[in-house]
Structure formats: structure tokens, C-alpha cells
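**Q** model this:
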Amino acid sequence: MVLEGEMDGIGNTMQKKAAELERLAEVLVTGEQLRLRLHEGKVIKDRRHHLRTYPNCFVAKELIDWLIEHKEASDRDTAIKIMQKLLDQSIIHHVCDEHREFKDMKLFYRFRKDDGTFPLDSEAKVFMRGQRIYEKLMNTENNLFQSREEDGESFERTLVASEFIDWLLQEGEMVTREETEQLGRRLLEHGIIQHVTNKHHFVDGPLLYQFRMNFRRRRRLIELLHERGRSIPESHDSPFCLRKQNSDGGNTSFLSVSPTKEIKVTVGVRRSSMSSSSCGSSGYYSSSPTLSSSPPVLCNPKSVLKRQVSPEELQTPGGPFIKKTFTIVGDAVGWGFVVRGSKPCHIQAVDPGGPAAAAGMKVCQFVVSVNGLNVLCHDYRTVSSLILTGPRTIVMEVMEEVPV
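**A** Numbering: from 1, shown residues only. You can find the predicted model right below:
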């Protein structure tokens, strides 16, 4: 039985605990993403020293060069701080455990996941299990994620607790409903899922829940140095990892977490891939291109549309619009476009080098559907949420005005 006042706001104590645990999860996910990238780039490999072979390791000095080259750190001191964070969290270690500090030297370090020494405490196990469940949900055919209403309010990409439990049992994650409900409670307490209004803990019944964490988001390593954990779910305002700078209050500007390029209206923001030292004409909230502590510049987003149209106008037979369908496969950093506006939302920007541009997407196109779901009457936050929490391959229908 669910009491009306149960877990009102989940309680300050649990919110704080969930934020702290979520912060740990971010470190684990960020470390794993880096490990995979280093393997792919052959930075991690077997190395010999004094007639001894050290498998699956990297050279600290070479890794710092790599981090700077790939814009993950602005200087060597920042790179050292990033890697020290991973070392402190037992994600990496010196191959002989002789150095507790990450040093800019020709020393061998290794990811603990590559030698089986990663400490699988109860917290890490919950996060790894949550990530596995998330990926399984994303990669299998099911109808669990749907738009639903609770207490007269509509929510996107929701799970019904009882149906989620049925699915977990079917997948063999647990044996009994009681154990599965406890798993759901642990996922919630660790900030992986949440009740849609944060009013209830996880209980077997008709209440609605959403995934709070997007495990597929490409993390920037510089985020490891941002100590303050998030107390609210990751912003779904954009599928490109543009973060809300201030979730309290009405600030609608965004912070790009990868300052590498200047943004213009006609240049989209791929996830974690673009920023600038000033707002330019795009109106995004961007930090210094050197990842320094320089204060960012704030300005308001400006629409690229010459005029707004209604859903009815888009669908009028014989009207000046044609429908196009794009299949876009996200790469390591995202899909390469920005959505803005409402009822209908539109394509605000497209990265010329991104997957969306390769598929034929252009600015000023109006979004009709995402993966078969009609979104003409939704705003960009809802559309972005569908993209962020959906599969890596998305199918989008758009309407484009025919030139006169």
C-alpha cells in the first residue's frame, strides 16, 4: 500500500545520499569510458621493462600527452589531477602499487578492470547492475517505456513499477517479486531511477518511474574535478550534453562541457564536442576554451526560424512543406544536432561533421516524430528526452519548407 505522504521529496537525507552515490557512479562510468577509448586507441597495451612484460598498461607521460591532444585537459597539471581522481577511486593503479600518486613520468599504470583487481563493493555492484539493466532495456524490443499520466500530469519514457518487476523477473535478474522490489529500491537510492515526481520510494504497484541516469552520455574527464554532485536528474533539455548551469530558478541558458570550437547558429553542438569563449550568435552558455576558471559569458538563445508555424499548417494537404525521414546513428559523442522550440520544435543547429548532417538534416526543419512517436505537439525538452533515453540509432521524420 502506498501512502500519500510517503517519501515526500524522497526526504532530504535520501536526496543527499542519492546525489553522493550518483557522483560515485559518474566517476565509475567516466573511468570505464576512458578505458575503452584508450584500448581502442592502442594507448593501453602490453609493455616490457627490465625483461618483464606488464600486460594491458599505459605510460603516464604518454597518457598526459594523449589527454591534452584530445582536448580532455588544457595542461599537464589538469591532466594529472584528472588521473589522480581515478587513482583515488581505485579505478587505476601503478602496476606494482609502488606509487600512490599519478606522476608525469615514464611509469606504468593500469586500469584495475584490466587485471581483475577492481574492488567490487556493494555500491559499485549496484551501479554496474543498473548499467547492465539500462543497456538491456535499450537494446531489446519491449513496450516498457511509454508516455503515461500520474496525478493528472503527463510524463515521457516512464516505467510502471509492477511491469518493470515483471520484466526483471522474466530476464532472470531476480527470483522473487520481493527481491526484485528490493532491487528497485536500491536502484532508486543510488540515483539510477526515480519516481516521476520524487514523492515515493520504489514499490511494486502502478506508480511511474524513470531512469535518472543516462549511462550512454559521453562524459568529459574534466567533470571529474567538479566536486559538487547533482541533486537533480541530468538535464534532458538537449541530447548533446549541454548542461543547465543553474537548475534552481528560471535560467534557461546552457553550459557546453567541451570547449573546443566556436559556435555559430549554423553549427550544431555534438554531445560534449563544442563550445566557445563567448556566446557568439548561437546564444549558448559557454566556458573558456582553455578549460580555465574564467567566468563564462551568458546570453539568451535566439531561434533560427523566420516564423513559427503550427502543427495544423505543417499537415495541411498541398501545403508548402515536404516530409523527410532520417536514420541517424549516434557516434561516440552524439548525433550532431540541436532541437529547440515548441509545438512543433525545430532543428536549431546541425554540426557539419556529425551524423545528422551526414543523414541530410538541416536547420529550420520541423520535427514530426522520433522513433515512430509523433511529437508535433511537444516541446524540445520532451523531444530531447526521447532522444537521450532511447537507442543510439534514431529514426526522425521532419517537415521542410519547399523553396519558392
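**Q** And the strands in the stretch 301-404 of the chain?
**A** Shown for the stretch 301-404 of the chain, the strands assigned by DSSP state E, counting those that start in this stretch span residues 321-329, 337-341, 345-350, 366-370, 373-374, 393-401.
**Q** Let me know which of the ones you listed is the nearest to residue 155.
**A** In this view, the strands of the stretch 301-404 of the chain are compared for proximity to residue 155 by Cβ to Cβ, and strand 373-374 is the closest at 13.8 Å. No exception for glycine: its C-beta is placed from N, CA and C like everyone else's.
**Q** follow-up on the earlier one: out of the strands of the stretch 301-404 of the chain, which one sits most buried?
**A** strand 337-341 (a mean of 26; mean count of other Cβ atoms under 10 Å).
**Q** neighbouring strands for that strand, and are they parallel or not?
**A** The strands that strand 337-341 pairs with in its sheet are strand 345-350 (antiparallel) (by DSSP bridges).
**Q** now the strand it pairs with: mean pLDDT?
**A** The predicted model assigns strand 345-350 a mean pLDDT of 89.
**Q** one step back: can I get the strands of the stretch 301-404 of the chain in a markdown table with distance to residue 314?
**A** Formatted as a markdown table, the strands of the stretch 301-404 of the chain follow (distance: least, Cβ to Cβ, whole Å):
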| stretch | distance to residue 314 |
| --- | --- |
| strand 321-329 | 5 |
| strand 337-341 | 12 |
| strand 345-350 | 11 |
| strand 366-370 | 6 |
| strand 373-374 | 11 |
| strand 393-401 | 5 |
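**Q** May I ask which helix or strand encompasses the residue lying closest to residue 45 once chain neighbours are set aside?
**A** If you skip the residues right next to it in sequence, residue 45 has residue 56 as its closest partner in space, 7.3 Å away by Cβ to Cβ, 6 or more residues apart in numbering. Taking DSSP states H and E as the definition, one finds residue 56 inside strand 52-59.
**Q** Is it correct that the residue nearest to residue 45 is in contact with residue 113?
**A** No - applying Cβ atoms under 8 Å as the test, residue 56 and residue 113 come out as separate, 9.4 Å apart.
**Q** moving C-terminal of the helix or strand containing residue 65, what's the next helix or strand?
**A** Secondary-structure element containing residue 65, defined by DSSP H and E: helix 60-69. Helices and strands here follow DSSP H and E; after helix 60-69, the next one along the chain is helix 76-88.
**Q** Identify each buried residue in that following helix, please.
**A** When neighbours are counted by 16 or more other Cβ atoms under 10 Å, the buried residues of helix 76-88 are found to be 78, 79, 80, 81, 82, 83, 84, 85, 86, 87.
**Q** Closest one of the residues you listed to residue 138?
**A** Looking at those and their distance to residue 138, the nearest is residue 86, at 26.1 Å (Cβ to Cβ).
**Q** OK, contacts around that closest one?
**A** Residue 86 makes contact with 27, 31, 34, 92, 102, 224, according to Cβ atoms under 8 Å, 6 or more residues apart in numbering.
**Q** contacting residues for the nearest residue to the last one once chain neighbours are set aside?
**A** Put plainly, it is residue 224. In space, residue 224 comes closest to residue 85 once its chain neighbours are excluded; the distance is 4.5 Å by Cβ to Cβ, 6+ apart. When the contact criterion is Cβ under 8 Å, 6+ apart, the partners of residue 85 are 27, 224, 225.
**Q** Mind checking which of the residues you listed are buried?
**A** When the contacts of residue 85 are checked for burial by 16+ other Cβ under 10 Å, the buried set is 27, 224.
**Q** Show me the shaky parts of the stretch 101-250 of the chain.
**A** 120-121, 227-250 (pLDDT under 70).
**Q** For the strand holding residue 56, name the packing helices and strands.
**A** Other helices and strands packing on strand 52-59, by 3 or more Cβ pairs under 8 Å, 6 or more residues apart in numbering; DSSP states H and E, are strand 45-49, strand 108-111.
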